[in-house]
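Asker: Give me coordinates for this.
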Amino acid sequence: MRVALVLPPTTQLNTPYPSISYLSRVLEEEGHPVHQADLGLELALRLFSAEGLSAVLDTIEAQAEDGLPEPAWEALARRDALVSTIDSVVSFLQGRDPGLAGRLCRPSALPAGPRLRQADKQDTAHHFGRMGQTDHARYRASLHLADIADLVTSTIDPGFGLARYQHHLAAGPSMWAPIAARLGQTTLLDGWLDSLADALLADARPDVVGLSVPFPGTLYGALRLGRRFRNAGAMVILGGGYPNTELRGVNESALWTCIDAITYDDGEGPMLAILDHLSGLGDRRHRTRTAAGMHDAPPPPRAFNPAPDYGNLPLTSYLGILDSLSPAHRLWSEARWNKITLAHGCYWKRCTFCDIQLDYIARYEPAKIEPLLDHIERLVEDTGVRGFHLVDEAAPPRLLRALALGILERELSVVFWGNIRFEAAFTDELCLLLAKAGMVMATGGLEVASDRLLKKMDKGVTVEQAAQAAAALTAAGIQVHAYLMYGFPTQSVAETIDSMEVVRQLFREGTVQSAYWHRFVLTKHSGVAVDPHGLGIEVPPLPLGTFAANDLPHHDPTGADPDTFDGPLATALAAWMRGDHLDRPVGDWFEQPMPAPVSPPDRVRLATDARGALRGWRPKTRVVWLGDGVLEADDRVVLLVGGKRTEIFGPEPARGWLAEVLQAAHPANAPLLWQDIKGTFPSNWDRWANQWQRVRAAGLIGV
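Answerer: The predicted structure follows:
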């Protein structure tokens, strides 16, 4: 059967959201031809074109008599400049015309809207330095697109955004009536989306359309597309993160006028069962809901798929958006990343704020590293991209070690980043190995930076352990981004202030480079929701007729009011990420008096200093040489590591032994264990011990 897998608007513009590409690999292997389409990208490219922008300005001009916001009048006055420059801006952000960088850096090069004007007023050029012309141009071009998107939002379609479409209709507990009312309208952008749907139908002629809905801001687009595909005769299946969490018990008959089925959890098995059913091979549908109810036949065993196949997606058409100075946000939104998965689910799966009841967290299954490395090599060959984003819930340290060793053994030139748990397993030596293999950033949840609350969360780490892991990553040259949380049940004002103090110290010591504060959200499938009374919170029943529900309203009678912290936490964090106000008392960020922090002012420094000297190795520790080369001279061995030289002196037998060990410990060679070499030293070890420590410090590690 012909299958079309579709990303509705809008996820991100720099790289395809990987859901349909993971699914495509499995369907193709089972003999189903698949056409992939990212209609969010296509809608954005239509908007950000001379023809599309002209249509936007015509629409705005037609409603001028009803009154317009000031930026809209400015846009109409700058019409010729906006239309004449937009195609070149998009081409530059797609990487097709890098020579435009110098011109785009000039203040007069782009008809500036409010965002770009504000950035120019703040002289953001200094963030990029004298050699950062291309980055500065990309930043200005990205803000220019954001200004155009704001123009559309304020005049044509209030629900439009670059990374979401009608998000407000589906966020939190939601009702069907507002969604249905919006589906009854057609804005300029809706009309474009309808025409993109028609073009896909004509091109791919699908029997079945799978719509991936990862976020609330993709639901409306999916339903609009689904209705159009369904009316054209295709069967429409909805899947992805949003229906998995929000629509598991949905009971809305009107939904089935837009789609035919919802699949839950991993989509491969349910989708294949539906295709078999449509082909007359019997009804083995499972984890699938239709208008007739839930279908849950026993699923056949199936190993999870660790890598995508991007098929016919137009990878060179994505935009390298640089709209934030945060290092982590930049990695997320600027480059195009191939996606891979080290393990299905979470190896910890105990954090009570997380959806630990659902399959995507609860079922842990590690990937086999050798086939995954084969996928990595194939993706580099197919896409020309050597960057990989590990989309794990939390990449297991053991599998990260195996991945890094495999990359080095095969001598692959790649870079990668992903989410981790800040735990004790991230030693200095493991982090050096990961950096050598190409890891450039680690993101992870530090959450509340309070040992009492971390224990309540069952996070499995302490503040000190998390700080030490982050310090080890930073020392290895791997950027660290911390996810932070406030408003967790029972979290007091004093604990929030103290968490803020710990975060300030993390930035002051250079232990983390970027972070983001999230306000706690109670989700239906979390550990807290299973036992809300255990934390003393009250969860009122949802209104009758609720269409979608995952984020649950709740009342915390003992905790602080999170509203108090919304502004100050974000403002302080933005300053710390710029390196500003790192010694300012945290209470000064608030208008009202706050309790003083209880954490000592050197808590983070003492914790990171306690990492101490290099640890001893166990007999079966693998010894790995991370250096670039070894030179043997008359009286010394010179170790070359990056831009550094380390000279090791000693008697000839020891120097020869060291050169042999380093050669054997090269990661491309067979594994060398400490027990295989520790007894072979040809001289007096006590006299050699100091030199051996220098060898280890230079790049001989045990993992």
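Asker: drop to CA atoms for contacts and neighbour counts, all remaining ones
Answerer: Will do.
Asker: what about the strands in the stretch 451-600 of the chain?
Answerer: Along the stretch 451-600 of the chain, counting by DSSP state E, counting those that start in this stretch, strands occupy 479-486, 514-519, 522-523, 551-552.
Asker: and the spatially closest residue to V539 that is not a sequence neighbour, what is it in contact with?
Answerer: Leaving aside its chain neighbours, V539 sits nearest to H554 (4.5 Å; criterion: C-alpha to C-alpha, 6 or more residues apart in numbering). Listed by C-alpha atoms under 8 Å, 6 or more residues apart in numbering, the contact set of H554 reads L522, I537, E538, V539, P540.
Asker: how many neighbours does L473 have?
Answerer: Burial of L473 is recorded as 29 neighbouring residues (other C-alpha atoms under 10 Å).
Asker: if I look at it, how far off is L76?
Answerer: For L473, the distance to L76 equals 50 Å [C-alpha to C-alpha, to the nearest Å].
Asker: One more: P396?
Answerer: Distance, P396 to L76, using C-alpha to C-alpha: 53 Å.
Asker: packing partners for the lowest-mean-pLDDT helix or strand in the chain?
Answerer: Every helix and strand of the chain was ranked by mean pLDDT, DSSP states H and E. The lowest is helix 327-333, at a mean of 77. Packing contacts for helix 327-333, counted by 3 or more C-alpha pairs under 8 Å, 6 or more residues apart in numbering; DSSP states H and E, involve strand 514-519.
Asker: Adjacent strands (with direction) for the strand it packs on?
Answerer: strand 479-486 (parallel) (DSSP bridges).
Asker: Going by neighbour count, which residues in the partner strand are buried?
Answerer: Buried positions in strand 479-486, judged by neighbour count with 16 or more other C-alpha atoms under 10 Å: Q479, V480, H481, A482, L484, M485, Y486.
Asker: What is the nearest of those to Q465?
Answerer: Nearest to Q465 among these: A482, at 13.8 Å, using C-alpha to C-alpha.
Asker: Would you mind telling me which of the strands of the stretch 451-600 of the chain is nearest I701?
Answerer: Nearest to I701, of all the strands of the stretch 451-600 of the chain, is strand 479-486, at 20.5 Å by C-alpha to C-alpha.
Asker: Now tell me what touches that closest one from outside.
Answerer: 328, 440-449, 470, 473-474, 496, 511-520, 562.
Asker: same deal with stretch 346-357?
Answerer: 360-364, 392-394, 396, 456-459, 521-528.
Asker: for that stretch, how far is the first residue from the last?
Answerer: End-to-end distance (C-alpha to C-alpha), stretch 346-357: 11 Å.
Asker: one step back: filter the contacts of strand 479-486 to the buried ones?
Answerer: 328, 440-449, 470, 473-474, 496, 511-518, 562.
Asker: For the closest residue to L473 other than its chain neighbours, what are phi and psi?
Answerer: Residue nearest to L473 in three dimensions, not counting chain neighbours: C431, with 5.4 Å by C-alpha to C-alpha, 6+ apart. Main-chain dihedrals, C431, degrees, to the nearest 10: phi -70, psi -40.
Asker: wait, what's in contact with C431?
Answerer: C431 neighbours (C-alpha under 8 Å, 6+ apart): A472, L473, A476, I478.
Asker: Highest neighbour count among those residues?
Answerer: Neighbour-wise, these (other C-alpha under 10 Å) top out at L473, 29 neighbours.
Asker: That one and A515: what is the separation?
Answerer: 15 Å.
Asker: same deal with D686?
Answerer: As judged by C-alpha to C-alpha, D686 and A515 stand 45 Å apart.
Asker: next one: L183
Answerer: Per C-alpha to C-alpha, L183 is found 37 Å from A515.
Asker: what do you get for L193?
Answerer: In terms of C-alpha to C-alpha, L193 sits 35 Å off from A515.
Asker: swap in T85?
Answerer: 35 Å.
Asker: can you check L104 too?
Answerer: 30 Å.
Asker: Could you pick out the longest helix of the protein?
Answerer: When the chain is parsed with DSSP state H, its longest helix is helix 133-155.
Asker: which parts of that one are buried?
Answerer: 133-152, 154-155.
Asker: quick one: the strands in the stretch 251-400 of the chain?
Answerer: In the stretch 251-400 of the chain, the strands defined using DSSP E, counting those that start in this stretch lie at 261-263, 288-290, 293-295, 338-340, 343-344, 365-366, 387-390.
Asker: Redo these as CSV? Include distance to R227, mean neighbour count and mean pLDDT.
Answerer: Converted to CSV, these look like this (distance: least, C-alpha to C-alpha, whole Å; neighbours: other C-alpha atoms under 10 Å; pLDDT from 0 to 100):
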stretch, distance to R227, mean neighbour count, mean pLDDT
strand 261-263, 12, 26, 98
strand 288-290, 15, 20, 98
strand 293-295, 20, 15, 96
strand 338-340, 30, 26, 96
strand 343-344, 32, 24, 97
strand 365-366, 36, 16, 96
strand 387-390, 33, 22, 96
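Asker: before we move on, back to that, want to throw the contacts of H554 into a markdown table with pLDDT, distance to L639 and neighbour count?
Answerer: Output for the contacts of H554, formatted as a markdown table (pLDDT from 0 to 100; distance: C-alpha to C-alpha, whole Å; neighbours: other C-alpha atoms under 10 Å):
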| residue | pLDDT | distance to L639 | neighbour count |
| --- | --- | --- | --- |
| L522 | 96 | 53 | 23 |
| I537 | 95 | 59 | 19 |
| E538 | 94 | 62 | 13 |
| V539 | 94 | 62 | 15 |
| P540 | 94 | 65 | 10 |
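Asker: Just give me the closest of those residues to G616.
Answerer: Of those, the one sitting nearest to G616 (C-alpha to C-alpha) turns out to be L522, at 43.8 Å.
Asker: ok, that closest one - contacts?
Answerer: F353, V528, A529, D551, L552, P553, H554.
Asker: how does it look with 6 Å?
Answerer: Listed by C-alpha atoms under 6 Å, 6 or more residues apart in numbering, the contact set of L522 reads D551, L552.
Asker: Equivalent analysis for I237, please.
Answerer: G210, D260, A261, I262.
Asker: of those residues, closest to V385?
Answerer: Taking the contacts of I237 together and measuring to V385 by C-alpha to C-alpha, the closest member is G210, at 26.5 Å.
Asker: re the thing from before, and which of the contacts of H554 is nearest P595?
Answerer: I537 (24.0 Å).
Asker: Could you double-check that the closest one lies in contact with G559?
Answerer: No. Between I537 and G559 there is no contact under C-alpha atoms under 6 Å: 9.2 Å.
Asker: would you say Q36 is within a strand?
Answerer: Yes. Membership of Q36 in a strand is supported by DSSP: H, G, I helix; E, B strand; the rest coil.
Asker: gap between it and F304?
Answerer: Using C-alpha to C-alpha, Q36 is found at 20 Å from F304.
Asker: Over to W685?
Answerer: Taken as C-alpha to C-alpha, the span from W685 to F304 is 49 Å.
Asker: Next: L100.
Answerer: Taken as C-alpha to C-alpha, the span from L100 to F304 is 44 Å.
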